[in-house]
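In: coordinates only, sequence not included:
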Ligand SMILES: CC(=O)SCCNC(=O)CCNC(=O)[C@H](O)C(C)(C)COP(=O)(O)OP(=O)(O)OC[C@H]1O[C@@H](n2cnc3c(N)ncnc32)[C@H](O)[C@@H]1OP(=O)(O)O
Ligand SMILES: N[C@@H](CCO)C(=O)O
């Protein structure tokens with residue numbers, strides 16, 4: 001199995017070096033942060049849209065295939081002339097998340113002493129990630145986003161923007177996410193982290209980048225991928241069928257997704273970002289979830305996928321209730337990954353929100 005390499009080119013990334021220090025919510029600070037991002041369209045002062053990617057996503061929302069993206073972007077079809085995020089009208093920005101591995105500072109980046117951050121990379125929260133993105137917005141001259149949209153972990157950042165900086169968010173599309181991590185999510189994510197750490201090559205997080213703990217990461221991805229799909233869909237597609245090579249078809253499918261992730265993602269980032277998701281609570285230090293949601297002034301749409309077993313509709317209902325809007329339901333057999341797969345439904349919601 002090939003190893004992931006920091007800095008693999010993905011699309012047409014550009015970089016911003018933000019001067020630090022960036023104090024962090026859980027203690028410590030980062031001396032400075034590099035952010036890799038992509039944009040589409042032209043900025044006219046009031047037309048900027050922020051797209052927030054999910055756990056293993058990146059800034060390549062749409063676009064041609066490349067080394068990191070053999071199939072193109074993860075929301076192909078959403079951005080471009082005449083599309084929901086029409087580039088004749090909007091300036092779309094997608095930064096790679098703090099703690100990730102696609103060019104923005106994360107555990108595989110070099111620290112000021114020229115060694116990799118590795119195990120020294122501090123714990124980062126969704127609030128920290130949004131503070132970094134606010135510095136990106138400042139650097140780009142975006143005082144207020146016309147829209148912030150995100151699903152899953154991207155939905156957490158989208159909601160954090162609308163709560164922490166309400167004056168900077170005109171509209172919000174919150175997809176397939178929740179206001180606070182559930183025991184179920186923390187349970188599966190800590191199990192995935194344990195799989196990564198159990199790989200002998202993990203070396204406490206300071207592994208050899210030429211020989212990363214891809215076996216542990218692959219097991220983590222298998223566990224995670226099951227939570228991203230529905231039992232119904234897996235049953236319809238694979239049942240109990242066995243392939244010619246002797247593997248159950250569903251096991252072969254999970255092997256495939258494990259191999260693909262191990263080739264494109266850093267195990268250290270996987271542990272850091274799943275921990276960011278574990279500590280997500282929009283109501284922390286704000287008097288609880290309801291009080292936090294009451295701060296939001298953005299015109300908002302909240303949607304979930306009816307077959308999502310990881311972020312079930314009740315979690316989006318809580319957010320919708322807090323924002324005083326009806327819950328929108330995307331009907332899909334694909335489970336949590338429905339927010340990635342049902343591009344037409346997501347595009348319809350964006351068109352409705354943006355008028
Ligand atoms: C917001 C974000 O940025 S998140 C990042 C999004 N991207 C990812 O997560 C990448 C990982 N992929 C996924 O999670 C999902 O594939 C999605 C959501 C992107 C797309 O889902 P779908 O279109 O339903 O694809 P699906 O899950 O069926 O996977 C198809 C792949 O499985 C392979 N496959 C299907 N059956 C089998 C099998 N029995 N054995 C081996 N491989 C199999 C297909 O050949 C195909 O391979 P390819 O992707 O290399 O072309
Ligand atoms: N497939 C998505 C699911 C998490 O939202 C990802 O890997 O980021």
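Out: The structure has been received and is ready for your questions. Because the structure is predicted, anything quoted here is derived from the model rather than measured. Ligands and ions are numbered 1, 2, ... in the order given.

In: where does pLDDT dip in the chain?
Out: 1-11, 66-68, 70 (pLDDT under 70).

In: so residue 227 touches residue 312, yeah?
Out: No - contact criterion CB atoms under 8 Å: residue 227 and residue 312 do not qualify, at 11.2 Å. Glycine gets a C-beta too; all of them are placed from N, C-alpha and C.

In: does ligand 2 sit close to the helix or strand containing residue 253?
Out: Taking DSSP states H and E as the definition, residue 253 sits inside helix 249-264. No - using CB under 6 Å from any ligand atom, helix 249-264 never reaches ligand 2; the gap is at least 7.6 Å.

In: buried set for that helix?
Out: 250, 253, 254, 257, 258, 261, 262, 263, 264 (16 or more other CB atoms under 10 Å).

In: can you put these in CSV and add distance to ligand 1?
Out: As requested, the buried residues of helix 249-264 are exported to CSV (distance: CB to the nearest ligand atom, whole Å):
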residue, distance to ligand 1
250, 7
253, 4
254, 8
257, 6
258, 10
261, 7
262, 12
263, 10
264, 8
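
In: now flag whichever of those residues is closest to residue 179.
Out: Nearest to residue 179, judged by CB to CB, of the buried residues of helix 249-264 is residue 261 at 27.3 Å.

In: for the residue lying closest to the closest one once chain neighbours are set aside, list the residues it contacts.
Out: Closest residue in space to residue 261, ignoring its immediate chain neighbours: residue 221 at 4.4 Å, by CB to CB, 6 or more residues apart in numbering. Residue 221 makes contact with 192, 254, 257, 258, 261, 262 under the criterion CB atoms under 8 Å, 6 or more residues apart in numbering.

In: look up the closest residue to the residue in the stretch 251-355 of the chain positioned nearest to ligand 2, ignoring the ones flanking it.
Out: Closest residue of the stretch 251-355 of the chain to ligand 2, CB to the nearest ligand atom: residue 337 (5.4 Å). Excluding its sequence neighbours, the residue lying closest to residue 337 (CB to CB, 6+ apart) is residue 228, at 4.6 Å.

In: from ligand 1, how far off is the residue nearest to residue 261?
Out: 8 Å (CB to the nearest ligand atom, to the nearest Å).

In: assumed that residue was part of a helix.
Out: Yes - per DSSP: H, G, I helix; E, B strand; the rest coil, residue 221 lies within a helix segment.

In: returning to what we had before: off-centre distance for the helix holding residue 253?
Out: Centroid separation between helix 249-264 and its chain, computed with CA atoms, centre = their mean, to the nearest Å, is 19 Å.

In: in stretch 282-290, which residues are buried?
Out: Under 16+ other CB under 10 Å, the buried positions of stretch 282-290 are 282, 283, 284, 286, 288, 289.

In: just checking: which of these also lie near ligand 1?
Out: Answer for these near ligand 1: none qualify (CB under 6 Å from any ligand atom).

In: of these, closest to ligand 1?
Out: residue 282 (19.2 Å).

In: ok, the closest one touching residue 162?
Out: No - with contacts counted by CB under 8 Å, residue 282 stays clear of residue 162, the gap being 9.3 Å.

In: not counting its neighbours along the chain, what's nearest the residue nearest to the spatial centre of the chain?
Out: The centre of the chain sits closest to residue 54, judged by CA atoms, centre = their mean, with a distance of 1.6 Å. Excluding its sequence neighbours, the residue lying closest to residue 54 (CB to CB, 6+ apart) is residue 152, at 4.0 Å.

In: OK, contacts around the one you found?
Out: Per CB under 8 Å, 6+ apart, neighbours of residue 152: 54, 55, 175, 176, 177, 311, 336, 339.

In: recalculate using a threshold of 10 Å.
Out: 52-57, 175-178, 228, 277, 308, 310-311, 336-337, 339-340 (CB atoms under 10 Å, 6 or more residues apart in numbering).

In: so which of these are in strands?
Out: When those are checked against strands (DSSP state E), the matches are 52, 175.

In: just checking: which of the contacts of residue 152 also lie near ligand 1?
Out: 53, 54, 56, 57, 337, 340.

In: how close does the nearest residue to residue 125 once chain neighbours are set aside sit to residue 128?
Out: Setting aside the residues directly before and after it, residue 125 is nearest to residue 25 in space (CB to CB, 6+ apart), at 4.5 Å. Here residue 25 is placed at a distance of 5 Å from residue 128 (CB to CB, to the nearest Å).

In: between the two, which contacts overlap?
Out: Joint contacts of residue 25 and residue 128 (CB under 10 Å, 6+ apart) are residue 122.

In: neighbour-wise, which of those two wins?
Out: residue 128 (23 against 16; other CB atoms under 10 Å).

In: so who does the residue nearest to the centre of the chain touch?
Out: 74, 97, 150-157, 175-177, 228, 273, 277, 336-337, 339-340.

In: hmm, back to that, element containing the residue nearest to residue 125?
Out: Going by DSSP H and E, residue 25 is not in any helix or strand.

In: would you list the phi and psi of it?
Out: Taking degrees, to the nearest 10, you get phi -60, psi -40 for the backbone angles of residue 25.

In: pull the contacting residues for it.
Out: 122, 123, 124, 125, 126, 127, 128, 131, 279, 284, 285 are the contacts of residue 25 under CB under 10 Å, 6+ apart.

In: thanks a lot, see you next time.
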